[in-house]
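In: Can you look at this prediction? I've put the sequence above it.
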Amino acid sequence: RDWDQFHNPKDLSVGMVTEASELLELFRFKTPEECRELLSDPKKLEDVKDELSDVFYFVLRFAQMNGIDLFSSLENKIEKNGAKYPANKVRGCNRKYDEY
């Protein structure tokens, strides 16, 4: 399809956010219970899967086009988060790291 010309960091980032917004739109203004109901509806679940797949595509493509190893990056980020949010201090708490 010759889309590489459009797959630069800015446009891939815009695509990611656009698709994430479309996913968010499916849940906007819904209670947690309404979200569970939405996910139990096969048609609506398919819509969620489609939007999530669109986000995933842009994440993968961004990584591919910019030489980012997502598995290593994720492992590194989990390690950083472990140091930033030590389990003995933050278990069961949703405060930001600078609030405890």
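Out: Nice, I can see it.
In: List the contacts of stretch 4-14.
Out: Applying CB atoms under 8 Å, 6 or more residues apart in numbering, the external contacts of stretch 4-14 come out as 58, 61-62, 65-66. Every C-beta, even on glycine, is put in place using the N, C-alpha and C of the backbone.
In: To clarify, my last question referred to stretch 51-61.
Out: Outside stretch 51-61, the residues touching it (CB under 8 Å, 6+ apart) are 7, 12, 15-16, 19-20, 22-23, 26, 70.
In: Can you say which of these are buried?
Out: By neighbour count, with 16 or more other CB atoms under 10 Å, the contacts of stretch 51-61 hold 12, 15-16, 19-20, 23, 26 as buried.
In: So this structure: which segments form each domain?
Out: 1-68, 69-100 (automatic domain parsing).
In: what would those domains look like in TSV with mean pLDDT?
Out: Converted to TSV, the domains of the chain look like this (pLDDT from 0 to 100):
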stretch	mean pLDDT
domain 1-68	97
domain 69-100	92
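In: Name the stretch among the ones you listed that sits most buried.
Out: Mean neighbour count, computed with mean count of other CB atoms under 10 Å, is highest for domain 1-68 among the domains of the chain, reaching a mean of 13.
In: tell me how far the helix of greatest length in the chain is from the chain's mean position?
Out: When the chain is parsed with DSSP state H, its longest helix is helix 42-65. Here helix 42-65 is found 9 Å from its chain centre; the criterion is CA atoms, centre = their mean, to the nearest Å.
In: In CSV, could you pull the C-alpha coordinates for it?
Out: Output of helix 42-65 as CSV, limited to C-alpha atoms (Å, rounded to 0.1, in the frame of the first residue of the first chain):
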residue,chain,number,x,y,z
PRO,A,42,-20.9,-9.8,21.5
LYS,A,43,-21.4,-7.0,19.0
LYS,A,44,-20.0,-4.3,21.3
LEU,A,45,-17.2,-6.6,22.4
GLU,A,46,-16.3,-6.9,18.7
ASP,A,47,-16.2,-3.1,18.5
VAL,A,48,-13.9,-3.0,21.5
LYS,A,49,-11.6,-5.6,19.9
ASP,A,50,-11.5,-3.7,16.7
GLU,A,51,-10.5,-0.4,18.4
LEU,A,52,-8.0,-2.2,20.6
SER,A,53,-6.4,-3.9,17.6
ASP,A,54,-6.1,-0.5,15.9
VAL,A,55,-4.2,0.9,18.9
PHE,A,56,-2.0,-2.2,19.0
TYR,A,57,-1.2,-1.9,15.3
PHE,A,58,0.0,1.7,15.7
VAL,A,59,2.1,0.7,18.8
LEU,A,60,3.7,-2.2,16.9
ARG,A,61,4.3,-0.1,13.7
PHE,A,62,5.8,2.8,15.8
ALA,A,63,8.2,0.3,17.4
GLN,A,64,9.1,-1.4,14.2
MET,A,65,9.7,1.9,12.3
